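> Quick check, what structure comes out for this input:
(2 chains)
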Amino acid sequence: MKPPFEVERDARCQRGLRFLYRARFDPDALADALDAAYDGMVVRHVEALGDTRTERVIVQFQVEYRVGEREGEVSLTHRVSASPEIRARSHRVLEDTLTRLAA
Amino acid sequence: MTRETGDVTRVDHGRTLMSGEPLVFHCNHYNYWLQKTLLLPEGLGMRAVIRDAASSAAHAMITQAARERGATEPAEILRIAADCFSALGFGTMDFSGAGEAGGAVRTPTSHYGQCLRMASGADFAEPQELFDQGYAAGALAAAHGRPAGSYAARSEASQSMGAEVGEIALAPRETPADFFTAPGRGPHAAGDVPPQSPDTNVDEGAVLSALAGLDLSGNEEGLLPRFGVILTNHFANFYDRISFEFVRRMDGTGMLDMAEELLVEAGYRCAFNTFGGIMTSAEWDAVVKPQCKTTEDWVHGMVAVANALGWGVWRVHELTPSRLVVRIWDDYESTGYLGMYGESDRFVSHLAAGGVAGLMNLVYPGRIAERPTLDAEYYARIFESPERFEPRGVKCMASGDAYTEVVAER
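Residues are numbered from 1 along each chain as shown, chains lettered A, B, ... in the order given. Reported below is the predicted structural model:
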């Protein structure tokens, strides 16, 4: 079955660290679901730029998810020191969450 | 995250100081390219120049930051040094293994150790953490009230070569007689700067206000991923010293023109990656892009953002699809040159020149508005195209002009 998201690897300066996921989701619901997926062990910030409200969901030393920067887009940026296992888990958490929200 | 750093001061002409040391934003790709350029010719002794420039700027900032915080004990001062290192996006630094007699400093994370690898695409054959070495040496000297050049530093373990954690060995030494002293803010322009060009839909004040609300300090790893790039809020005097000393030493081998061209090339890389990253970022889409009604607005918009980077004040004096004239007040290359060497008989603002032409290359032949993939192939395509823009330095504050002027034409 085709997953309910598309993923693009950033080829620029953050290559290997940053990925863009495109899907249909409610930004608040996604941020809350990511928070819950880590049992609340996240740091959350809201960043307002013009009319854009971005929710940053940060799992320290692991990953930062930025929800709402662009409509239908969430970015995943690995922390530099995150191990390959942690990086794989960070993708899995986001993909499972997007899949669950799309169901 | 609470960090104890030096005082941050906004001064005229878009400049920012931390404890008296001017700061400028640059990304990992520029840091990689500049260092690669400087280390390319063998026999110039540039590794020591890079280390000592870092040591001098760090020593000046940390000494002043300790005064501002009322810190007198070495351990307190080193905590401030570590916090500044992280806040500025350089990584994390652990001084617990170092004392007045020297010792080991660890870097669990490092911009130079880890983020340059992303730009190069591979491990390095030699340690790239020369800045970290100098910073650690300058910090330890500041903590123990010794002169900036009083520790020698070398990498014992290098993340740029694949080590998991960086380690720097420090040992006391006699300060070299020709040790560089960072000039602080240096001479700068007096008087007002003309307002933004009226020939644009972009409101620079609104752009600067929006960007001022962003947190542009290092994350819990002490690194600063932003705008699709990894930034450092770096010492202007560091960039100036290493660039000008490179030019001076290349001049000694009869390759002055080539040295200046290489620094302009580094400016192209900066424009391509940092400007390109910014102009394809979500932050750009939120703040600047809605104001861009014409292609020329993209140039004005990027100039507005550049005015938040600490590089001085850029003003678009003339803009057509085939020509851009930018005037710059207090460009950090000129102010640094004046502070370090006095007046110059040559144009010195090579980063600015590369940046101005690079911006035009991105907007016109590069069609940045169409969000191309900014990779090596694309760089070659637009910067080697017959349609490319090339810069000419017309005026320079370091040569006594009231402002620096760069013309980019094709």
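> so who does B:Thr274 touch?
With CB atoms under 8 Å, 6 or more residues apart in numbering or on different chains as the criterion, the residues that contact B:Thr274 are B:Phe25, B:His26, B:Cys27, B:His29, B:Tyr30, B:Phe227, B:Val229, B:Leu231. In this view, the C-beta of every residue, glycine as well, is placed from N, C-alpha and C.
> In strands only, show me these.
Within the contacts of B:Thr274, membership in strands is found for B:Phe25, B:His26, B:Cys27, B:Val229, B:Leu231, as judged by DSSP state E.
> ok, back up a step: near chain A, which of the contacts of B:Thr274 show up?
If you filter these for contact with chain A, counting by CB under 8 Å from any CB of the partner chain, you are left with B:Cys27, B:His29, B:Val229.
> List, one by one, the residues from the stretch 151-300 of chain B near chain A.
B:210, B:213-215, B:219-221, B:223, B:225, B:228-230, B:273, B:276-277, B:280, B:282-283, B:285-287, B:290.
> export the ones in strands among the contacts of B:Thr274 to JSON lines and tack on distance to B:Ala171 and neighbour count?
Supplementary listing: the ones in strands among the contacts of B:Thr274 in JSON lines, determined by distance: CB to CB, whole Å; neighbours: other CB atoms under 10 Å in any protein chain shown:
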{"residue": "B:Phe25", "distance to B:Ala171": "33", "neighbour count": "23"}
{"residue": "B:His26", "distance to B:Ala171": "30", "neighbour count": "23"}
{"residue": "B:Cys27", "distance to B:Ala171": "33", "neighbour count": "33"}
{"residue": "B:Val229", "distance to B:Ala171": "35", "neighbour count": "29"}
{"residue": "B:Leu231", "distance to B:Ala171": "32", "neighbour count": "26"}
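> could you dump those to TSV with pLDDT?
Listed next are those as TSV, based on pLDDT from 0 to 100:
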residue	pLDDT
B:Phe25	97
B:His26	96
B:Cys27	92
B:Val229	86
B:Leu231	95
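> What is the nearest of these to B:Tyr151?
Nearest to B:Tyr151 out of these is B:His26 (CB to CB; 25.7 Å).
> State the helix or strand in which the nearest residue to that closest one once chain neighbours are set aside lies.
Nearest residue to B:His26, sequence neighbours excluded (CB to CB, 6 or more residues apart in numbering or on different chains): B:His234, at 5.6 Å. Applying DSSP states H and E as the criterion places B:His234 in strand B:229-235.
> contact partners of that strand?
Here strand B:229-235 makes contact (CB under 8 Å, 6+ apart) with A:12-14, B:21-29, B:31, B:53-54, B:57-58, B:61, B:87-90, B:111, B:115, B:118, B:182, B:216-217, B:223-225, B:273-274, B:277-278, B:310.
> centre of the chain versus the helix or strand following that strand, how much separation?
Where DSSP H and E defines the elements, the next helix or strand beyond strand B:229-235 is helix B:236-251. When distances are taken as CA atoms, centre = their mean, to the nearest Å, helix B:236-251 is centred 13 Å away from the chain's centroid.
> In whichever helix or strand comes after helix B:236-251, which residues are buried?
If you walk from helix B:236-251 toward the C-terminus, the next helix or strand you reach (DSSP H and E) is helix B:256-270. Of the residues in helix B:256-270, those buried by neighbour count under the rule 16 or more other CB atoms under 10 Å in any protein chain shown are B:Ala259, B:Glu260, B:Leu262, B:Leu263, B:Val264, B:Glu265, B:Ala266, B:Gly267, B:Tyr268, B:Arg269, B:Cys270.
> Output helix B:256-270 as PDB, nothing but the C-alphas.
The C-alpha trace of helix B:256-270 is given here as PDB (Å, rounded to 0.1, in the frame of the first residue of the first chain):
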ATOM      1  CA  LEU B 256      48.200  38.200  -5.100                       C
ATOM      2  CA  ASP B 257      45.600  38.300  -7.900                       C
ATOM      3  CA  MET B 258      44.900  34.600  -7.600                       C
ATOM      4  CA  ALA B 259      44.500  34.900  -3.800                       C
ATOM      5  CA  GLU B 260      41.900  37.600  -4.200                       C
ATOM      6  CA  GLU B 261      40.100  35.600  -6.900                       C
ATOM      7  CA  LEU B 262      40.000  32.600  -4.600                       C
ATOM      8  CA  LEU B 263      38.400  34.700  -1.800                       C
ATOM      9  CA  VAL B 264      35.800  36.000  -4.300                       C
ATOM     10  CA  GLU B 265      35.100  32.400  -5.300                       C
ATOM     11  CA  ALA B 266      34.500  31.600  -1.600                       C
ATOM     12  CA  GLY B 267      32.000  34.500  -1.600                       C
ATOM     13  CA  TYR B 268      30.200  32.800  -4.500                       C
ATOM     14  CA  ARG B 269      30.000  29.600  -2.500                       C
ATOM     15  CA  CYS B 270      28.600  31.600   0.400                       C
END
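> Averaged pLDDT, stretch B:210-226. What do you get?
Looking at stretch B:210-226 alone, the average pLDDT works out to 94.
> Counting neighbours, which bits of it end up buried?
Of the residues in stretch B:210-226, those buried under the neighbour-count criterion (16+ other CB under 10 Å) are B:Ala210, B:Leu211, B:Leu216, B:Ser217, B:Gly218, B:Asn219, B:Glu221, B:Gly222, B:Leu223, B:Leu224, B:Pro225, B:Arg226.
> confidence score at the residue nearest to B:Thr280 when sequence neighbours are not counted?
For B:Thr280, ignoring the flanking residues on the chain, the nearest one in space by CB to CB, 6+ apart is B:Arg371 at 5.2 Å. Confidence per residue is given as pLDDT, and for B:Arg371 that number is 92.
> Got the domain ranges for chain B?
Using automatic domain parsing, the domain parsing of chain B gives B:8-172, B:204-217+B:255-409.
> Quick one: residues contacting the closest residue to chain A within the stretch 51-200 of chain B.
Sorted by distance to chain A under CB to the nearest CB, the residues of the stretch 51-200 of chain B start with B:Gln114, at 5.0 Å. For B:Gln114, the contacting residues are A:Val80, B:Gly91, B:Gln159, B:Ser160, B:Leu223, by CB under 8 Å, 6+ apart.
> do the same with B:Ala98
Residues touching B:Ala98, when contacts are defined by CB under 8 Å, 6+ apart, comprise B:Leu78, B:Ala104, B:Val105, B:Ala136, B:Leu140, B:Leu170.
> most neighbours, which of those?
Scoring those on neighbours with other CB atoms under 10 Å in any protein chain shown, the highest-scoring entry is B:Ala136 at 33 neighbours.
> need the strands for chain A, in chain order.
Listed in chain order (using DSSP E), the strands of chain A are A:5-9, A:18-23, A:43-49, A:52-59, A:63-67, A:73-78.
> and the angle for the helix or strand hosting B:Ser209 with strand A:43-49?
Taking DSSP H and E as the criterion, the element that holds B:Ser209 is helix B:204-212. Going by axes from the mean of the first three to the mean of the last three CA atoms, to 10 degrees, helix B:204-212 is angled at 180 degrees with respect to strand A:43-49.
> Which elements pack onto helix B:204-212?
helix B:282-287, helix B:295-306 (3 or more CB pairs under 8 Å, 6 or more residues apart in numbering or on different chains; DSSP states H and E).
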